[in-house]
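K.L.:
Quick one: sequence plus predicted model below, questions after.
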Amino acid sequence: MNKTWNNKAWWMVLPVVLLVAFSAVIPLMTVVNYAFQDTFGGNQFFWAGLDWFEEILTSERFHNALGRQFMFSGIILAIEIPLGIFIAMNMPKKGWGVPVCLVLMSLPLLIPFNVVGTIWQVFGRVDIGLLGAAMAGMGIDYNFTQNITDAWITLIVMDVWHWTSLVALLCYAGLQSIPEAYYQAARIDGASAWSVFRYIQLPKMRGVLLIAVLLRFMDSFMIYTEPFVVTGGGPGNATTFLSIDLVQMAIGQFDLGPAAAFSLIYFLIILLLSWIFYTVMTNMDKENGR
Amino acid sequence: MAEIHLKNLAHSYYPNPKGDGDYALKKIDHVWEDGKAYALLGSSGCGKTTLLNIISGLLHPSDGQVLFDGVDVTDLPTEERHIAQVFQFPVVYDTMTVYDNLAFPLRNRGRSEDLVKERVMHIAEMLEMTDVLKFKARGLTADAKQKISLGRGLVRENVAAILFDEPLTVIDPHLKWLLRMQLKALHHRVNNTMIYVTHDQTEALTFADQVVMMYDGYVVQIGTPQELFERPAHTFVGYFIGSPGMNILPTHIDGNLAKINGLSVSLPDSYKFDADKKIELGIRPEFCSLSREEGLDSIPVSIKRIEDIGRHKIARADLAGQEVNVIVPEGISITDEHTHLSFDASQINVYSNDWLVERGAQS
Amino acid sequence: MSLSLEQVSKVSGRDTHIYTTDLTLEGGSLNVLLGPTLSGKTSLMRMMAGLDAPVTGRILWNGDDVTGKPVQKRNVAMVYQQFINYPSLSVYENIASPLKVRGLNKATIKKRVNEAADLLKLNDMLKRKPLELSGGQQQRCALARALVKDAELVLLDEPLANLDYKLREELRQELPRIFTESGAVFVYATTEPTEALLLGGNTATMHEGRITQFAPTLDVYRQPVDMRTAQVFSDPPMNYLSLSKQGQQIQFGENQNIPAMGALANLPDANYTLGFRPNHTLLEKPDTEVMNFTGEVNVVEITGSESFIHLQHADSRWVCLTHGIHDIPPETKLSLYVDPAKVYVFDADGQLVIAPNSEVN
């Protein structure tokens, strides 16, 4: 839709443009700068070309972190998307239950990330945490600081608790927009609940599901604060995901060059995978009649 | 195929209805005969969709029963009533092909693929959709999608009735002609009971064997299209059917003379009414004519406007402040010199307090 | 007042919504845009209003170029098919809203709102919210809001399409009366030919992004410039027959011949398409010279006093409109008579060659 030209709009956007330039574009350029050079800070730069990129892409440490990250994001998506859809389908559509449910679902989303991490860290502690103590009391051997599986499970449960509501709320909005006539027609056609889900609800939720999948994928792939607070990347490096690894490299070891290259690679991976998700999901939409 | 009996049926959306005003559907007792085409005609809010949803089972009536072939189905859910419904907006399963859409109701009920194929091809041929069977339903036009909705209803073998809820709402006028004709031809072939809800009188009159005219939750008249046209039981029916509707003129009747605006018009029969009744004369624009000269029983009028819609003209005349419409056939010219209005006396209907009075009645 | 579109077109991506078009509309009468859905009526109206900019061409208002002017600066009112009202404001406040924006004082606003409410019979409902009203009343509220603005350009995009049949009839009668007094330029979009005829004024027929004809409504109806226009402007659809003229004979179908009658006799030998309206067919042979066709009845629709007979003639579907009730069973062979003085003839390109003589009026 071509709106008629309105110059005033550009003036209103200018502050935002400046802000974004300052906080995002300039630092990004700095990172790109570091990625191709060798430096220990200060103002001494030596051209390194693609050395850092090669080093990162061939390092075992990077591959392991990448593998862990994919596994984490994969599990997250596999749990949160279906669970979110399920919750959305069972939320009340009318009456006083609606605002109650919506508020309850929104609560986990409002908590700052490091607070979420802290909550679960305390929650899971074997000595004082509700969960940890309960598990110990029931005789289950649970210790997320020492046991790799327990650490993973804790992080996954924490993320599911934190973010499933987002998927649920998005899907709920999508479901609300389906006209009643579709359900009536399905009843008349004798469709089972599964058929109704597969042929009516799922296709009509496609738009919101795309948003939910993209958001959850990107966020879980970039996750930093929560696992850092809960496990610090441990035990060992069992839960050292990409961003934790990157920070260790950049700030811990002060390897600015490789860290910058790592950042760019990280950015490009997310971009690529998001593009793939987007293209696949919108093309599923395009299989038209004629 | 089934006979549907609505026994003492009424419906209120309120939990404790106190009076008639709380009822969306007032008491009705009616039998829909097997195999006939019915139209439920009325304006928005008259209760026709409520009635349709009660028949299909999507709504449970607050009073009364619904019987299919004598069996009480009032408490049966929609799926078990063997009815088919076509909605106002095309409802198709976007992700499936046309073939799969049509096959869906049969596959849900566990029919063999051979039977499915036979039924789907049969219905597709009836609806002239054999060439689009392989396409995904999403990309088709609105009228094709409505045909798919209809097809899904027809494909099942033992459908008790097919219910249409204003199905041509989203269809373009050109395609409406085609689709209406196809629906009517379909009824001849298929012999299912069909109930068609609409606010468009042309759709109702062309489709139905019997028209059920509704107003404010009441059934005002049930009859053939011809009966509703020539002998509307209520002035509302006279107004609603016909474009423009019936002319209703206040009058005073003495024996067989009706006095309108001081002049007398002779009626074919004599009537006698109590003084307190509101007496009106109903005459359709199709049965009025205008001429330049005064004639027997003619009434002077003045022409306010003439509308030419091609196949006939509508002359809007003024009779002492009352608007009277006259339909003038094509080819006859009308000017404002045509100031004399006459009626085809055999088509005059007399109404007392809005209800039709039978010929020669006393009340 | 006048609105001119010069060489205006609208393209988005690969779709051409409006092909290069010129159109001039004068104030004081109703201009109807008639065409099926997706023919471009709404795109054209949006450009007239200033909601969309044309890709080429200019839009002139009273001679001034307003192409770049945003819609808020133009004096336009628009009414849509969906009843658009501000849901949280009462009917009074809805109608008053354009006047408040303009900054008029309370007394003037009250007077103007009451005038508009009178005209559209909304006086009893001024305190209610739009969602409490019926469909017809909501649309009247939208119309009142458009009316009160005293705009110089009023655009109505199928405003009655979502209303009941009878309500549509009533409002259709009132609309010309309400709007033409102000002298503004009125544009009314519709898919129904009958509505165009009832509204009168001028009609622009549209087909797939092009304006095929623009003239007084009855002229377009009686002398459609080509087959597409005739098709758009007929309800029931016009009946067509492909034929070829050879000497004194007309040949059609599988070697069927009838003599060339009336104006047809004077045509050069070529292929033509014959068109005749459903209401110009006769079931009984009159004494005058007529063309005789036979067809097989598909179905008969009866509407009280008239019958629509749907016939199959070779590959074409024809509709005949006759008076009286003729309940003819399907598959009956029927003879049809057409007065040659009432036929349309289109050449091989679909352009009009012959139209029936104008009616005695």
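P.N.:
Cool, got the structure.

K.L.:
Get me the contact residues on chain B for chain A.
P.N.:
Along chain B, the residues adjacent to chain A under the rule CB under 8 Å from any CB of the partner chain are B:56, B:58, B:77-79, B:83-85, B:87-89, B:91, B:93-96, B:104-105, B:108-109, B:132, B:135-140, B:149, B:152-153. Just so you know, the C-beta spots here come from the backbone N, C-alpha and C atoms, and that holds for glycine as well.

K.L.:
quick one: low-confidence parts of chain C?
P.N.:
Low-confidence segments of chain C, defined by pLDDT under 70: C:180-182, C:358-361.

K.L.:
Return the residues of it in contact with chain A.
P.N.:
Checking chain C against chain A by CB under 8 Å from any CB, the hits are C:12, C:50-53, C:55, C:68-71.

K.L.:
returning to what we had before: which among the residues of chain B next to chain A count as buried?
P.N.:
Of all the residues of chain B next to chain A considered here, the ones buried according to neighbour count by 16 or more other CB atoms under 10 Å in any protein chain shown are B:56, B:58, B:78-79, B:83-85, B:87-89, B:91, B:93-96, B:104-105, B:108, B:132, B:135-138, B:140, B:149, B:152-153.

K.L.:
what comes into contact with stretch A:202-210?
P.N.:
Residues external to stretch A:202-210 that are found in contact with it (CB atoms under 8 Å, 6 or more residues apart in numbering or on different chains): A:81, A:85, A:170-171, A:173-175, A:177-178, A:182, A:277-278, A:281-282, A:284-285, B:93-95.

K.L.:
at 7 Å instead, please
P.N.:
Contacts of stretch A:202-210 from elsewhere in the structure, counted by CB atoms under 7 Å, 6 or more residues apart in numbering or on different chains, are A:170-171, A:173-175, A:178, A:281, A:285, B:94-95.

K.L.:
rewinding a little: mind checking which of the residues of chain B next to chain A are in helices?
P.N.:
Here DSSP state H is the test, and these give B:56, B:104-105, B:108, B:149, B:152-153 as lying in helices.

K.L.:
possible to save those as CSV with pLDDT and distance to residue B:337?
P.N.:
Formatted as CSV, these follow (pLDDT from 0 to 100; distance: CB to CB, whole Å):
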residue, pLDDT, distance to residue B:337
B:56, 87, 56
B:104, 92, 65
B:105, 90, 64
B:108, 88, 69
B:149, 90, 54
B:152, 89, 59
B:153, 84, 56
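
K.L.:
if we can go back for a sec, can I get the contacts of stretch A:202-210 in a markdown table including distance to residue C:251?
P.N.:
Listed next are those as a markdown table, based on distance: CB to CB, whole Å:
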| residue | distance to residue C:251 |
| --- | --- |
| A:170 | 66 |
| A:171 | 65 |
| A:173 | 64 |
| A:174 | 61 |
| A:175 | 62 |
| A:178 | 57 |
| A:281 | 58 |
| A:285 | 52 |
| B:94 | 48 |
| B:95 | 50 |
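
K.L.:
Show the buried residues in those residues.
P.N.:
Among those, those classed as buried by neighbour count (16+ other CB under 10 Å) are A:170-171, A:174-175, A:281, B:94-95.

K.L.:
how deep is residue 202 tucked in, by neighbour count?
P.N.:
Using chain A. Counted with other CB atoms under 10 Å in any protein chain shown, the neighbours of residue A:202 add up to 15.

K.L.:
ah, no, chain B please
P.N.:
A total of 19 residues lie near residue B:202 under the criterion other CB under 10 Å.

K.L.:
what do you get for residue A:271?
P.N.:
By other CB under 10 Å, the residues close to residue A:271 number 11.

K.L.:
Likewise for residue C:169?
P.N.:
The burial metric for residue C:169, expressed as a neighbour count using other CB under 10 Å, is 16.

K.L.:
Can you name the helix or strand that the closest residue to residue C:55 other than its chain neighbours falls in?
P.N.:
Distances taken as CB to CB, 6 or more residues apart in numbering or on different chains put residue C:11 closest to residue C:55, at 5.0 Å, once the chain neighbours are dropped. Assigned by DSSP states H and E, residue C:11 falls within strand C:2-12.

K.L.:
Describe which strands that strand pairs with in its sheet and in which direction.
P.N.:
Applying DSSP bridges, strand C:2-12 is found paired with strand C:15-26 (antiparallel), strand C:56-61 (antiparallel).

K.L.:
Now do the helices in the stretch 151-290 of chain A.
P.N.:
Secondary structure of the stretch 151-290 of chain A (DSSP state H, counting those that start in this stretch): helices at A:180-188, A:193-196, A:202-204, A:206-221, A:225-230, A:242-247, A:256-285.

K.L.:
and those as CSV, adding mean pLDDT?
P.N.:
Conversion of these to CSV gives the following (pLDDT from 0 to 100):
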stretch, mean pLDDT
helix A:180-188, 87
helix A:193-196, 90
helix A:202-204, 88
helix A:206-221, 90
helix A:225-230, 90
helix A:242-247, 88
helix A:256-285, 85
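
K.L.:
List the contacts of the strand holding residue C:11.
P.N.:
Where contact means CB under 7 Å, 6+ apart, the residues beyond strand C:2-12 that reach it are C:17-27, C:43, C:47-48, C:52, C:54-62, C:153, C:185.

K.L.:
So which bits of that strand are buried?
P.N.:
Counting neighbours by 16+ other CB under 10 Å, one finds that the buried residues in strand C:2-12 are C:3-6, C:8-10.

K.L.:
roughly how far is it from the heart of the chain?
P.N.:
Centre-to-centre, strand C:2-12 and its host chain are 20 Å apart (CA atoms, centre = their mean, to the nearest Å).

K.L.:
before we move on, what about stretch C:115-134?
P.N.:
The gap between where stretch C:115-134 is centred and where its chain is centred comes out at 29 Å by CA atoms, centre = their mean.

K.L.:
Next, the distance between the ends of that stretch.
P.N.:
With CA to CA, to the nearest Å as the measure, the first residue of stretch C:115-134 is 21 Å from its last.

K.L.:
cool, stretch A:130-145 as well?
P.N.:
The first and final residues of stretch A:130-145 sit 16 Å from each other (CA to CA).

K.L.:
Nothing else from me, thank you.
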